[in-house]
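K.L.:
Sequence first, then the predicted structure, then my questions.
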Amino acid sequence: MSWKRFPAVFLFAVLLFLSLGNTAFPQTLGVWLDVKSIPTTREGITALVAQLHEARFNAIFLESFYNGKSIYPSPFLASLGLSPQMETFAQAQIDPLQIFLTEAHRRGMKVHAWLHMFYISRNEPGEILTRFPHWAVLSKAGKPGYQSGTNFLFWLCPMEEEVEQFYRGLLEELAERYDLDGIQFDYFRFPEPTLADTCYAEKHRRAFLEQYGADPITIDPLKDGELAQAWIRFRSGILTELARNLTTSLREKHPRLQLSCAVKPLGFPLMRYPGSLQDWPRWAEEGLFDFLVPMTYSSRPAEFEGMLLWAKTFAPDIPLLAGVWTVNLSTATILEEMERSRKYPLKGLVFFAYPYLTAETLQAIAAWKPEETLQRSIPPVSFYRENARTVSARFTREKITVDGKLTEKTWQEAPFEGSFTLLTGGTSEKKSEVAVRYDEKNLYLALRFEQFPHRENRFLKRDQPVFYEDSAEVYLDPFGNQGIFYQLAVNRSGGLYDSFSLTGPSWNGNWTVGTSEDGDTLTVEIAIAFVDLQREKPAEGEIWGINFYRNEPQDNFFSAFSPVPGVYAASTLLGKLRFEK
């Protein structure tokens, strides 16, 4: 059909496009308000709501269930023999949730009850697990809770049937007793996988054994690939079913209620990488929630934008509220992230969290006047698979000295590959190139970055976050793009960080690094033994997953050898490493 034959239709399409492009942004400007920030008087709450309204916030995500206790008087919790209300508010004889609703609605603002779901207490089991110990998530060792830094964290098990009944009761009470605009699920996921591989209660193991013929406690993700993926799907599927049951039940009785969930951008499973078993792209596809809130938290605006790109790549159709990190961030950085968000079709923004919003930041938010969205095109996931780049590893018999100078003949003859892509899309103007060699025992990587900044490095000890400084980074999957990967990072001073996707930074590989500088060109040379990657020497023609990255955080500059949808740890969307003779 020719548009010339249908000028009226063409004109209508143009006008429709322009009207959509000029949609005011954002629809929602929200803030997470934590328990500790809630005043204990009606006057204090009224003043706080007025302050947020003056800053143009139109939604409050109020922490209403935290550490297993509610801010409001709960007959449901009391019926289970639990404290009916947090002591602070019970002693003050107030119902903060009702006061917030009254004051916010008077000003045309919305209130969403923000609930901590499975993360239930810190350093001690707390009331719920003391009364119902069988609700606890269990490790492979059969122990509740796990160590995270200096704290010991306790979670409820999403696979426990009584936990579902508990949340049915709690959610129904909230929806029935309060004129809420929405309810937000938080910590609706499994614990961080590198810290705690969980849900190994005997009955859950038995259920998997009956279905798949294997006890999940015996599964080795590297050797039992299919079973490992089945165990990931088994647990993530139960969490999805729980989300489906809870949201369906609420919608049947309270169709006006807006249901949302805070999700980790990398929280969903990818092949043998479990994430947090929070399959939010599937939830988006099924429409289980009215909107999702990806926790796109970063102090670096380009990385924040990258996570937005990632979220919209995997959930293109569901409304999203972008989570904006404000902890110890300057007002200028927060505003830059707000501006970058305009490129994406979002429902709005929500800021984490109220106590970190300075008077200066509140004034800047109030004065922010985005006239329109600047929506960019967002390629589908298939784009990154179809455009994955390949680098060849040539076999060498020459002895290589890892010093960053690349003086060996094998490096001098190596075809270096360049044309890096920016983290958020587009070709990098800075020249970056890589080459790969291997011998009987080792893999050798060479990275050369021109126009590289010469700044001092603070992180020199092993496993400090060198990627927060000017650095080179490599993600390597020796198992054939199955979602399992090693991460290697080095700054220009030789500070090293390494991790393994199944165990985190506790993995310390035996790898050697040499760096050299020639003017503004940084060269990084890496050698790592195949045995450290739990592999033998690759066969000719074998293909691994790999990607190379260049980090200059102070300049908000991040680029990759093979294009990625906004994040480095796109474990099933890496480039390809082909081994050749």
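P.N.:
All right, it came through fine. In this text, all values refer to a predicted model and were calculated from it rather than measured experimentally.
K.L.:
quick one: buried residues of stretch 74-91?
P.N.:
Neighbour-count burial for stretch 74-91 flags Ser74, Phe76, Leu77, Leu82, Pro84, Gln85, Met86, Phe89 (criterion: 16 or more other Cβ atoms under 10 Å). Just so you know, the C-beta spots here come from the backbone N, C-alpha and C atoms, and that holds for glycine as well.
K.L.:
again, but for stretch 247-260
P.N.:
Thr247, Ser249, Leu250, His254, Leu257, Gln258, Leu259, Ser260.
K.L.:
out of the buried residues of stretch 74-91, what pair is the most spread apart?
P.N.:
The span of the buried residues of stretch 74-91, defined through Cβ to Cβ, is set by Phe76 and Phe89 at 16.3 Å.
K.L.:
what's the closest non-adjacent residue to Cys261?
P.N.:
Closest residue to Cys261 apart from its sequence neighbours, by Cβ to Cβ, 6 or more residues apart in numbering: Phe185 at 4.4 Å.
K.L.:
give the contact list for that neighbour.
P.N.:
Leu115, Met117, Ala243, Leu246, Leu259, Ser260, Cys261, Ala262, Phe289 (Cβ atoms under 8 Å, 6 or more residues apart in numbering).
K.L.:
so what's Tyr72 up against?
P.N.:
Counting by Cβ under 8 Å, 6+ apart, Tyr72 has contacts Ser64, Gln85, Phe89, Asp95, Pro96, Leu97, Gln98, Arg177, Tyr178.
K.L.:
In helices, which of these fall?
P.N.:
Judged by DSSP state H, helices contain the following of the contacts of Tyr72: Phe89, Pro96, Leu97, Gln98, Arg177.
K.L.:
so which of the residues you listed comes closest to Gln375?
P.N.:
Looking across the ones in helices among the contacts of Tyr72 and measuring by Cβ to Cβ, the closest to Gln375 is Leu97, at 36.4 Å.
K.L.:
Let me know the pLDDT of the closest one.
P.N.:
Note on Leu97: pLDDT of 98.
K.L.:
My guess is it contacts Ala113. True?
P.N.:
Yes - here Leu97 reaches Ala113: they are 6.9 Å apart, a contact under Cβ atoms under 8 Å.
K.L.:
Which one's more surrounded, those two?
P.N.:
Counted by other Cβ atoms under 10 Å, Leu97 and Ala113 do not tie: Ala113 has more neighbours, with 27 against 23.
K.L.:
you'd agree that one is in a strand?
P.N.:
Yes - counting by DSSP: H, G, I helix; E, B strand; the rest coil, Ala113 is located in a strand.
K.L.:
Give the bridge partners for it, please.
P.N.:
Leu62, Ile183 (DSSP bridges).
K.L.:
Kindly provide the distance from it to Tyr72.
P.N.:
According to Cβ to Cβ, to the nearest Å, Ala113 and Tyr72 sit 9 Å apart.
K.L.:
shared neighbours, the two?
P.N.:
With Cβ under 8 Å, 6+ apart, Ala113 and Tyr72 have common neighbours Ser64, Leu97, Tyr178.
K.L.:
For Ala230, state which of the residues you listed is nearest.
P.N.:
Ser64 (36.6 Å).
K.L.:
Correct me if wrong: that closest one contacts Ile71.
P.N.:
Yes - shown here, Ser64 and Ile71 form a contact pair, counting by Cβ under 8 Å, at 5.3 Å.
K.L.:
Quickly list what's touching both of those two.
P.N.:
Leu97.
K.L.:
And those two? Which one has more around it.
P.N.:
Per other Cβ under 10 Å, whichever of Ser64 and Ile71 has more neighbours is Ser64, with 27 against 23.
K.L.:
Tell me which of the contacts of Phe185 fall in helices.
P.N.:
Per DSSP H, the subset of those in helices is Ala243, Leu246.
K.L.:
Looking at the contacts of Phe185, state which has the most neighbours.
P.N.:
Going by other Cβ under 10 Å, Ala262 tops these with 27 neighbours.
K.L.:
and the residue lying closest to Gln147 once chain neighbours are set aside, what is it in contact with?
P.N.:
Leaving aside its chain neighbours, Gln147 sits nearest to Leu195 (7.4 Å; criterion: Cβ to Cβ, 6+ apart). Listed by Cβ under 8 Å, 6+ apart, the contact partners of Leu195 are Tyr146, Gln147, Ser148, Gly504.
K.L.:
how close does the third one get to Ser506?
P.N.:
Spelled out, that is Ser148. Counting by Cβ to Cβ - Ser148 and Ser506 are separated by 13 Å.
K.L.:
out of those two, which sits in the more crowded spot?
P.N.:
Ser148 (13 against 10).
K.L.:
ok, so what distance separates the more buried one from Arg235?
P.N.:
Ser148 is 20 Å from Arg235, by Cβ to Cβ.
K.L.:
what two of the ones in helices among the contacts of Tyr72 are the furthest from one another?
P.N.:
Farthest pair in the ones in helices among the contacts of Tyr72, by Cβ to Cβ: Phe89 and Arg177, 15.3 Å.
K.L.:
element containing the residue nearest the centre of the chain?
P.N.:
Central residue of the chain (Cα atoms, centre = their mean): Pro265, 2.9 Å from the mean position. Assessed by DSSP states H and E, Pro265 sits outside every helix and strand.
K.L.:
Just give the nearest non-adjacent residue to it, would you?
P.N.:
Nearest non-adjacent residue to Pro265 (Cβ to Cβ, 6+ apart): Met307, at 4.7 Å.
K.L.:
circling back to that earlier point, next step: the buried residues of stretch 247-260 restricted to strands.
P.N.:
Gln258, Leu259, Ser260 (DSSP state E).
K.L.:
In contact with the last one, which residues?
P.N.:
By Cβ under 8 Å, 6+ apart, the contact list for Ser260 reads His112, Gly182, Ile183, Gln184, Phe185, Phe289, Asp290, Phe291, Leu292, Val293, Leu321.
K.L.:
now the fifth one: how far from Gln229?
P.N.:
Computed with Cβ to Cβ, the distance linking Phe185 and Gln229 is 26 Å.
K.L.:
what does the last one give?
P.N.:
From Leu321 over to Gln229 the distance is 31 Å, taken as Cβ to Cβ.
K.L.:
Comparing those two, which residue is more hemmed in?
P.N.:
Leu321 (25 against 19).
K.L.:
hey, what's the residue nearest to Met86 when sequence neighbours are not counted bridged with?
P.N.:
Nearest residue to Met86, sequence neighbours excluded (Cβ to Cβ, 6+ apart): Lys69, at 4.7 Å. Using DSSP bridges, the beta-bridge partners of Lys69 come out as Tyr66.
K.L.:
was I right about Lys69 contacting Ile120?
P.N.:
No - Lys69 lies out of contact with Ile120 (Cβ under 8 Å); the separation is 9.8 Å.
K.L.:
Break the chain into its domains for me.
P.N.:
The chain breaks down by automatic domain parsing into domains covering 24-129+163-194+240-367, 381-580.
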